[in-house]
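>>> The following comprises the amino acid sequence and a computationally predicted model.
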Amino acid sequence: MDFGDSPEELAFRLRLREWLSHNNPGLPPSSTSDEYWAGQAAWHQTLYDAGFFGLSWPKGVGGHELPSVYEVILDEEIIAAGAPPRPSVGYLVQGLLAHGNEDVQRRFLPGLVSGRDRWCQGFSEPDAGSDLASLRTQAVPEGSEYVVTGHKVWTSYSDAADWCLVLARTDPNVPKHRGISAFIIPMGQDAIEQRPIRMINGITREFGEVIFDGARVDAANMVGEPGEGWRLAMTVVSHEREPGELGYVARYGKLVNELVHVVEEWPDEHGPEQRRDLAWALIEAEMLRCHVSRRLSDRLDGLSHGPEGSVDKLLMTSVEQAVGHAALSIGGAAPTEGDDTWLKVYLYSRAQSVMGGTSQIQRNLIASRILELPTS
Amino acid sequence: MDVRLSPEQVTLRDAARQVVDRLCPQAVAQLDDAERAAKLDAAVEASGWLELRTATDDGSPWATGVEVAVVAEELGRGLADTAFLGPTMAADLRRLAGAPPASTSETIALSADLSEPAVALGGALGRGAVALDAHAATSALVLLPEGDGYAIGAIALGSTTTSVDLTRPVASCPPGAMVSPLEGGARPLGTDDIARWRSLGLAVTSADLVGVMRGVVTISCDYARSRRQYGAAIGSFQAVQHLLADAYVAAEGSASIALHAAWAVDALDGPDALAAASAAKAYCARAARSVCETAIQVHGGIGNTWECLAHVFLRRALLSSEVLGGVGPNLARVLATHGIGGDDGLR
């Protein structure tokens, strides 16, 4: 039982620390500015080229096959350096690793891991949110291709993506969970229209909706077998619920440290209530760091993904929203100086209890699959 | 980094779990079963768990904060009505001062609100104090200011009084109670010693709170599976399920931060260990009260009766929370750690 570094881990940490001291691009927080999203791809590639991305993933796809706890070290050093969090593509990587055949993995994973290719994920639809399995986007075979028609929404990074991992119905005549297949669709075609969605804090570069109007995809780009789409979706969302996969420990650590600096700089303007909110944000962020260390250590026995991802998602949400409340408290609800960064952090935090499966869905999963409470 | 319990720590946990499952109260009425309670005391005594923080030849403790926390969590989960926190803290204080282990059963005394160690000047207690885990102890340790640090003194204990916690009685030590300096203390306790000792207390009580939460979530889920209304188990209703899911999540987050605090007790410098422990204690104290309140709610009318174990968990949580400071003092410590604390805690 040791939260401390082994000699190898320490050597890695020091090498990373030295590298970060020269290579921090100094982007604004991801949740407040389109500038972050514009610079994120370059940061991804910089991290990858230096050998600090995909630490626990297979070497064959560009990873380093290090024990998963190295991801915590990466997050801790990113926090200490005040650098941008690592890009969150782990859930896509895990989905392709678990369900893609060798050909799909060979063609797509290196570009995804290195950041050379940008990806988005076409799961949700206007009428299929929490009830994802009721999705209506269709993929109809035509020769060696499928023709895809439908409307996807809440598609992160759709504006910049080269590829979209799309769930589409390939068999309307079987129960809804079994008729779904997954495809990797090239975004650069006329039959695909991408529209940005403006979030409540004003940013437009993160979220979009995508309309597929007879878009074409090679049948060889199907991930897994026909009808395996639902299982792939469950793999992807289970990883999407995990702060360890997302690098969110660093995201929150960086934000709370910046809030601490604000209070340090203007101590007289921040009274007991604001300090109390900040103390909770600090404690919540620390909890998540410890929790991710625990989860990733459990993985040293071998990768396992069960319903505990829902626990992690709810914990991560409580951290994000505690940080959001501290940001609101310290930055003020009506900033007059023109800098509304903290207000934007707060507003963005409301999305965490919705994206990747709402908090209510996570509670349902915990109740049935962990607490084994009866179904009604 | 590998924060999984070692095989030895798993063995220790399983041993504690066995004792808890065999001898701890399974119903409120069993709190009055003196024969059972005596067997539990004897089992804990025989286990060696009360000596985990006594000194080895080089002055380090026999076991780290992690082993202490592993035992504390199980005792909390089972509502163990036996002394563990007090004797463990007393043993650690003796170890830090280089004093020999106690020859009789010993505990510690805290300020009347439990938030600080009891301090005595001039051979007698100035203010009233409270001794923890008093039902088995004959004396309680207090701090005696000496130069820049502290020596240790002992107060003889009289009869116990009931506290909020039905499983762990306390004894009040009135102002003016005589304090005798401890024989054989080799060195005064410095700031770092006190910080480390406090961190142990905060880590052990955090672990106890984690155990309490896990125990009370278990009985609440059991109840929700068996209690029927509207022709269905109440655990099938989403409103009840979500309460229980939130309680489970709060216990898991608490377990993670409490584990880190337990590790930090011996692995980090005193001030860093105290910072880790303060964050954990604030988190666990807030979570435990909320989780126990949820348990009472899920039990409905029964949950508000003396016969339901839910309030025994809540009461134990209330005591563990206040020992060496609950939410407020620890939030203040977290802010001070980050250099933004005020002179009076939260300013």
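Received, thanks.

>>> use CA for all of it now, contacts and neighbours both
Fine.

>>> Just the mean pLDDT for stretch A:1-11, thanks.
Averaging pLDDT along stretch A:1-11 yields 95.

>>> Kindly check the end-to-end length of it for me.
With Cα to Cα, to the nearest Å as the measure, stretch A:1-11 spans 20 Å from end to end.

>>> Contacts for it, please.
For stretch A:1-11, the external contacting residues (Cα atoms under 8 Å, 6 or more residues apart in numbering or on different chains) are A:70, A:73, A:293, B:1-6, B:66, B:260, B:263.

>>> Which positions in that stretch come out as buried?
A:1-3, A:5, A:9 (16 or more other Cα atoms under 10 Å in any protein chain shown).

>>> Now flag whichever of those residues is closest to A:W280.
Taking Cα to Cα as the measure, A:W280 lies nearest A:F3 of the buried residues of stretch A:1-11, at 22.2 Å.

>>> For that closest one, give me phi and psi.
The phi and psi torsions at A:F3 (degrees, to the nearest 10) take the values phi -80, psi -10.

>>> which residues in the stretch 51-200 of chain B form helices?
Counting by DSSP state H, counting those that start in this stretch, one finds helices in the stretch 51-200 of chain B at the ranges B:65-77, B:85-97, B:191-226.

>>> If you count contacts, what does the second one end up packed against?
The reference is to helix B:85-97. Helices and strands touching helix B:85-97, as assessed by 3 or more Cα pairs under 8 Å, 6 or more residues apart in numbering or on different chains; DSSP states H and E, comprise strand B:106-111, strand B:149-156, helix B:191-226.

>>> Show me what the helix or strand hosting B:E45 is packed against.
Using DSSP states H and E, B:E45 falls within helix B:34-47. Applying 3+ Cα pairs under 8 Å, 6+ apart, one finds that helix B:34-47 contacts helix B:7-23.

>>> and the helix it packs on, how far out from the chain's middle?
How far helix B:7-23 lies from its chain's middle: 18 Å, per Cα atoms, centre = their mean, to the nearest Å.

>>> Which neighbouring elements make contact with that helix?
Using 3+ Cα pairs under 8 Å, 6+ apart: helix B:7-23 touches helix B:34-47, helix B:65-77.

>>> just so I know, which of those helices lies nearest A:H151?
Of the helices and strands packed on helix B:7-23, nearest to A:H151 by Cα to Cα is helix B:65-77, at 50.3 Å.

>>> so that closest one versus helix B:191-226, what angle?
Here helix B:65-77 points in a direction 40 degrees away from that of helix B:191-226 (axes from the mean of the first three to the mean of the last three Cα atoms, to 10 degrees).

>>> which helices and strands does helix B:65-77 pack with?
Right, helix B:65-77 is packed against helix B:7-23, helix B:191-226, helix B:238-267 by 3+ Cα pairs under 8 Å, 6+ apart.

>>> any idea how far B:T167 lies from chain A?
According to Cα to the nearest Cα, to the nearest Å, B:T167 and chain A sit 27 Å apart.

>>> Need the buried ones from the contacts of stretch A:1-11 selected in PyMOL.
Burial among the contacts of stretch A:1-11 is assessed by 16+ other Cα under 10 Å; the matching PyMOL selection reads:
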select buried, (chain A and resi 70+73+293) or (chain B and resi 1+2+3+4+5+66+260+263)
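
>>> In CSV: the helices of the stretch 51-200 of chain B, plus mean pLDDT.
Shown next, in CSV, are the helices of the stretch 51-200 of chain B (pLDDT from 0 to 100):
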stretch, mean pLDDT
helix B:65-77, 98
helix B:85-97, 97
helix B:191-226, 97
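
>>> Let's have the helices and strands packed on helix B:65-77 in CSV, adding distance to A:A333.
Converted to CSV, the helices and strands packed on helix B:65-77 look like this (distance: least, Cα to Cα, whole Å):
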stretch, distance to A:A333
helix B:7-23, 48
helix B:191-226, 35
helix B:238-267, 29
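
>>> Tell me which of those sits nearest to A:A133.
Ranking these by proximity to A:A133 (Cα to Cα) places helix B:238-267 first, at 20.7 Å.

>>> after the closest one comes which helix or strand?
helix B:270-303.

>>> Can you list the buried residues in that next one?
Of all the residues in helix B:270-303, those buried under the rule 16+ other Cα under 10 Å are B:270-299, B:303.
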